[in-house]
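Participant: need a structure here:
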Amino acid sequence: MLKSPVCVDANVIIALVTAEHFSRGALALWQEWLTNGYQPCAPLLLRYEITSALHRKALDGRMSHEDAGQALAKALACDIRFLDPVAIHVRAFDLAARLKRTATYDSHYLALAEHLDCRFWTADERLYNAAKDQFPRIRWLGDYPSEAR
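Facilitator: Got it, this is the predicted structure:
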């Protein structure tokens, strides 16, 4: 059976593997996807963003280097399908301009979700607020049912 795709960004994965505000919600959402046959997908840059975010947490003392390394190992072991269709780069460029974003990183997730015709989950409230009116596929982890947190 083919799994239905769902696009996920680095913020959701960081919440999944570390103690974050939305960690309980991220875990419940991940379990829901596994139970209901969804395949988490992301552009290749997710690995780079996760590595960088965990490095920053260790640098600023929010985690020990060892704990950050263990969280990185957990994140990299998640069953995520990485996709890199050339078309998403052009689309991310256009979306970043349309949404007035200073970088195209977040727009790659939006472009991939659009390419796959699936939902895109983020824990980045600023991204969600910037995109929600123009991008109906976006979902914010903070809106996930409160009983999951």
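Participant: Break down the protein into its helices, ranges please.
Facilitator: Here the chain has its helices, by DSSP state H, at 10-17, 23-35, 45-59, 65-77, 87-98, 105-116, 125-131.
Participant: could you dump those helices to CSV with mean pLDDT?
Facilitator: As requested, the helices of the chain are arranged in CSV below (pLDDT from 0 to 100):
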stretch, mean pLDDT
helix 10-17, 97
helix 23-35, 95
helix 45-59, 97
helix 65-77, 97
helix 87-98, 96
helix 105-116, 96
helix 125-131, 95
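Participant: could you dump the ones you listed to JSON lines with distance to Trp140 and mean neighbour count?
Facilitator: From N, CA and C alone the C-beta is placed, and that goes for glycine too. As requested, these are exported to JSON lines (distance: least, C-beta to C-beta, whole Å; neighbours: other C-beta atoms under 10 Å):
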{"stretch": "helix 10-17", "distance to Trp140": "10", "mean neighbour count": "24"}
{"stretch": "helix 23-35", "distance to Trp140": "10", "mean neighbour count": "17"}
{"stretch": "helix 45-59", "distance to Trp140": "18", "mean neighbour count": "18"}
{"stretch": "helix 65-77", "distance to Trp140": "20", "mean neighbour count": "15"}
{"stretch": "helix 87-98", "distance to Trp140": "17", "mean neighbour count": "16"}
{"stretch": "helix 105-116", "distance to Trp140": "13", "mean neighbour count": "24"}
{"stretch": "helix 125-131", "distance to Trp140": "4", "mean neighbour count": "17"}
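Participant: Not counting its neighbours along the chain, what's nearest Ala103?
Facilitator: Excluding the flanking residues, the one nearest Ala103 by C-beta to C-beta, 6 or more residues apart in numbering is Ala96, at 6.9 Å.
Participant: that older thread, of the helices of the chain, give the one that comes closest to Gly142.
Facilitator: Evaluated over the helices of the chain, closeness to Gly142 peaks at helix 125-131, with 6.1 Å, by C-beta to C-beta.
Participant: helices or strands up against that closest one?
Facilitator: Counting contacts by 3 or more C-beta pairs under 8 Å, 6 or more residues apart in numbering; DSSP states H and E, helix 125-131 is packed against strand 138-140.
Participant: what separates the strand it packs on from the chain centre, distance-wise?
Facilitator: Centroid displacement of strand 138-140 relative to its chain, using C-alpha atoms, centre = their mean, to the nearest Å, is 10 Å.
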